[in-house]
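Undergrad: What follows is a protein structure lacking sequence information:
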């Protein structure tokens with residue numbers, strides 16, 4: 001396991017790739033001149049464009065791995081997305097140049113000189129070197145889940161494919177089939193264009209906040225539901241930034257738990273998801289109460305309740321003749337679909353059935369109060385009273 005940070009790993013693999021691109025690029029250009037191979041010179045220029053994109057990757061990777069700041073509170077991952085689009089455009093441009101050059105070379109096949117055999121060795125070395133750097137870069141890209149490094153890896157493979165086309169062309173030229181070099185170049189151009197399209201499509205999908213596939217959502221929900229006391233998932237929304245997923249998830253819990261317990265369940269869900277799935281960067285949990293009663297689709301399910309302070313004041317006003325203000329230790333409220341349940345905690349007052357009936361009856365004209373529980377703080381006795 002590497003001790004390097006993601007930023008350092010991305011920088012290291014890109015620098016190695018850039019060094020290889022420079023060596024191979026100049027080697028192919030010089031070799032193409034010495035061995036009379038225009039295809040090899042073109043392939044060398046392609047390698048040098050790889051080196052130029054490596055520099056671009058270094059700059060974008062440096063920005064995209066910066067920590068969130070005041071202006072970019074969700075991080076800088078979208079810079080990587082924009083970089084991926086730029087890389088896709090480079091692929092399209094490279095494919096266009098190859099197609100344009102191939103078209104004009106096909107106009108005068110007889111004028112193409114037969115290259116020397118020495119170009120075969122350079123093309124073979126390029127294939128091996130570029131495939132190695134592709135595998136190396138892609139391995140790091142998958143571990144870091146970096147779309148930009150994946151794009152750069154594919155650019156390296158496109159150079160390897162170009163070198164294969166050159167190798168085929170050189171071999172064919174030795175056999176008297178110079179046009180095969182052009183056909184191979186066209187195939188390479190189409191492959192490069194396809195990769196460029198896929199990179200741009202994926203990055204644009206990320207920019208417009210496309211949700212993760214349904215099977216990923218199912219995995220996330222299954223992970224959350226393994227946590228005790230999380231009773232379900234009301235909704236799950238997702239978007240991707242810089243190859244990392246940001247989730248908003250609404251969790252169903254018992255409506256009578258405390259705020260702190262609901263917060264704790266949300267934290268547990270967040271930590272569990274991030275630990276289980278390496279491509280999740282952030283989880284924003286919301287807590288929703290779930291009903292355990294069977295009231296059906298009554299109109300009360302959709303009523304709007306007053307604020308807590310207004311409900312407390314209304315309840316206290318209705319109990320004014322039954323309880324002294326000093327008798328009440330605390331009043332807790334539970335907002336449910338069928339109405340507001342009131343928990344009354346008394347100090348020294350004895351909890352009796354008669355007191356419960358009177359307190360419940362006093363609240364009858366408050367339409368949204370559906371249930372009353374009375375507790376004695378000292379004796380820990382409890383009395384439940386439904387609407388009369």
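TA: Received the coordinates, thanks. Here the structure is a predicted model, which is why all the values come from computation and not from measurement.
Undergrad: what ranges do the helices span in the stretch 151-300 of the chain?
TA: Here the stretch 151-300 of the chain has its helices, by DSSP state H, counting those that start in this stretch, at 179-207, 214-225, 259-276.
Undergrad: where's the second one relative to the chain centroid, distance-wise?
TA: When C-alpha coordinates are averaged (CA atoms, centre = their mean, to the nearest Å), helix 214-225 and its chain have centres 14 Å apart.
Undergrad: which other helices and strands contact that helix?
TA: strand 232-241, strand 244-253, helix 259-276 (3 or more CB pairs under 8 Å, 6 or more residues apart in numbering; DSSP states H and E). (Glycine included, C-beta is placed from N, CA and C.)
Undergrad: 10 Å instead, please
TA: With contacts defined as 3 or more CB pairs under 10 Å, 6 or more residues apart in numbering; DSSP states H and E, helix 214-225 has these neighbours: strand 232-241, strand 244-253, helix 259-276, strand 280-289.
Undergrad: Looking at the last one now, give me its mean pLDDT.
TA: If you average the pLDDT over strand 280-289, you get 88.
Undergrad: Direction included, what does that strand pair against?
TA: Strand pairing for strand 280-289, determined by DSSP bridges: strand 244-253 (parallel).
Undergrad: Can you give the distance from the partner strand to the centre of its chain?
TA: 12 Å.
Undergrad: give me the number of residues near residue 70?
TA: Look at residue 70: counted by other CB atoms under 10 Å, it has 5 neighbours.
Undergrad: do the one 10 residues further on as well
TA: With neighbours defined by other CB under 10 Å, the count for residue 80 comes to 27.
Undergrad: Now for the closest residue to residue 232 other than its chain neighbours: which residues touch it?
TA: Spatial nearest neighbour of residue 232, excluding adjacent residues (CB to CB, 6 or more residues apart in numbering): residue 252 at 3.7 Å. By CB atoms under 10 Å, 6 or more residues apart in numbering, residue 252 lies in contact with 225, 230, 231, 232, 233, 234, 287, 288, 289, 290, 291.
Undergrad: Next one: the first one relative to residue 263, how far apart?
TA: Relative to residue 263, residue 225 is positioned 19 Å away (CB to CB, to the nearest Å).
Undergrad: Can you pull the poorly scored residue ranges out of the stretch 201-350 of the chain?
TA: Within the stretch 201-350 of the chain, the ranges that satisfy pLDDT under 70 run 242-243, 291-303.
Undergrad: helices and strands around the helix or strand containing residue 340, which ones?
TA: Here residue 340, judged by DSSP states H and E, is contained in strand 339-346. Contact partners of strand 339-346 among helices and strands, from 3+ CB pairs under 10 Å, 6+ apart: helix 308-318, strand 328-336, helix 353-362, strand 369-376, strand 382-386.
Undergrad: Name the stretch among those that sits most buried.
TA: strand 369-376 (a mean of 19; mean count of other CB atoms under 10 Å).
Undergrad: tell me the angle that one makes with helix 308-318.
TA: Using axes from the mean of the first three to the mean of the last three CA atoms, to 10 degrees, the inter-axis angle of strand 369-376 relative to helix 308-318 is 70 degrees.
Undergrad: what angle sits between strand 369-376 and strand 328-336?
TA: Using the same axes, to 10 degrees: strand 369-376 against strand 328-336 is 150 degrees.
Undergrad: how far does strand 369-376 sit from the chain's center?
TA: With CA atoms, centre = their mean, you get 45 Å for strand 369-376.
Undergrad: what's the nearest residue to residue 236 if we skip its chain neighbours?
TA: Looking at residue 236 with CB to CB, 6+ apart, the closest residue is residue 249, at 4.9 Å.
Undergrad: swap in residue 27?
TA: residue 122 (5.9 Å).
Undergrad: how close does the one you found sit to residue 26?
TA: Residue 122 is 11 Å from residue 26, by CB to CB.
Undergrad: Quick check: neighbours shared by those two?
TA: With contacts taken as CB under 10 Å, 6+ apart, residue 122 and residue 26 have residue 44 as neighbours in common.
Undergrad: one step back: distance of the residue nearest to residue 236 relative to residue 337?
TA: Distance, residue 249 to residue 337, by CB to CB: 21 Å.
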